[in-house]
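[1] Return a 3D structure for these sequence lines:
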Amino acid sequence: MAYIARGCFLAPRGVKGELFVRLYDRKESLPGEGEEIFCLNRNTFEPLKVERSFSYEKGSVLKLQPVKDRNEAEAFKGREFFVEGVEVESEESFMSDEAVGLDIIDGRRGTIGAVTGFIELPSYTLMLGKGKKGVFEVPVVKGLGVRIDRKSKIIIVELPSGYPGVDDAD
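    Residues are numbered from 1 along each chain as shown. Purely as a prediction, here's the structure:
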């Protein structure tokens with residue numbers, strides 16, 4: 001069993017000890033009433049029970065037990081919260097060595113190059129590619145639509161116009 005980072009506490013809300021939160025994965029739902037979450041405290045995972053959770057136009061909110069007031073909630077500001085679980089590789093996840101040599105296809109431009117390697121950085125992976133204009137780098141992040149199509153043996157991306165190292169000609 002592992003602890004998986006699910007989001008972070010942004011700031012206290014009101015005087016009842018509620019906290020604004022941001023989930024890391026927008027597809028995930030807020031932890032529900034009675035669910036246990038964990039916060040790292042002095043190198044151990046401290047369990048906290050969700051008393052109430054809701055979202056409204058200003059953001060998403062959690063009320064946790066044993067947090068009683070705004071002062072106690074303030075101590076959580078900027079800290080991550082975790083859930084217990086097992087990280088499962090999705091069908092779209094891949095090992096970097098199996099992707100080297102695959103074509104990189106951009107949604108607007110078509111084939112822009114081939115994968116030459118990967119660099120593991122602290123918060124994301126950087127995919128290295130080589131195309132007509134030379135070498136380029138693509139962070140493997142959802143914002144750039146990076147995904148692998150195993151059947152077609154291609155990597156699909158959605159790069160913005162003017163992306164460095166990529167031919168923008170239609």
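[2] Sketch out the strands for this protein, chain order is fine.
    Assigned by DSSP state E, the chain shows strands spanning 2-13, 18-23, 36-41, 44-56, 59-65, 80-85, 103-106, 110-120, 125-131, 134-139, 147-149, 154-157.
[3] between these, which one is nearest to A73?
    Set against A73 and scored by Cβ to Cβ, the strands of the chain come closest in strand 2-13, at 3.8 Å. All C-beta spots, glycine's among them, are computed from the backbone N, C-alpha and C.
[4] Paired strands for that closest one, with orientation please.
    strand 18-23 (antiparallel), strand 80-85 (antiparallel) (DSSP bridges).
[5] most neighbours per residue, which of these?
    strand 18-23 (a mean of 19; mean count of other Cβ atoms under 10 Å).
[6] need the helix or strand of this protein with the lowest average pLDDT.
    Within the chain, no helix or strand scores below helix 96-99, which has a mean of 72 by mean pLDDT, DSSP states H and E.
[7] returning to what we had before: where among the strands paired with strand 2-13 is the average confidence lowest?
    Mean pLDDT per stretch puts strand 80-85 lowest among the strands paired with strand 2-13, at a mean of 83.
[8] Can you get me a residue count around the closest residue to V138 other than its chain neighbours?
    Nearest residue to V138 in three dimensions, chain neighbours excluded: M127, at 4.6 Å (Cβ to Cβ, 6 or more residues apart in numbering). When neighbours are defined as other Cβ atoms under 10 Å, M127 has 24 of them.
[9] How about D106?
    22.
[10] likewise L144?
    Neighbours of L144 (other Cβ under 10 Å): 16.
[11] show me the contacts for the closest residue to Y3 other than its chain neighbours.
    Distance criterion Cβ to Cβ, 6+ apart; nearest residue to Y3, sequence neighbours excluded, is F82 at 4.1 Å. Counting by Cβ atoms under 8 Å, 6 or more residues apart in numbering, F82 touches 3-6, 37-40, 45.
[12] Any of those residues buried? List them.
    3, 6, 37-39 (16 or more other Cβ atoms under 10 Å).
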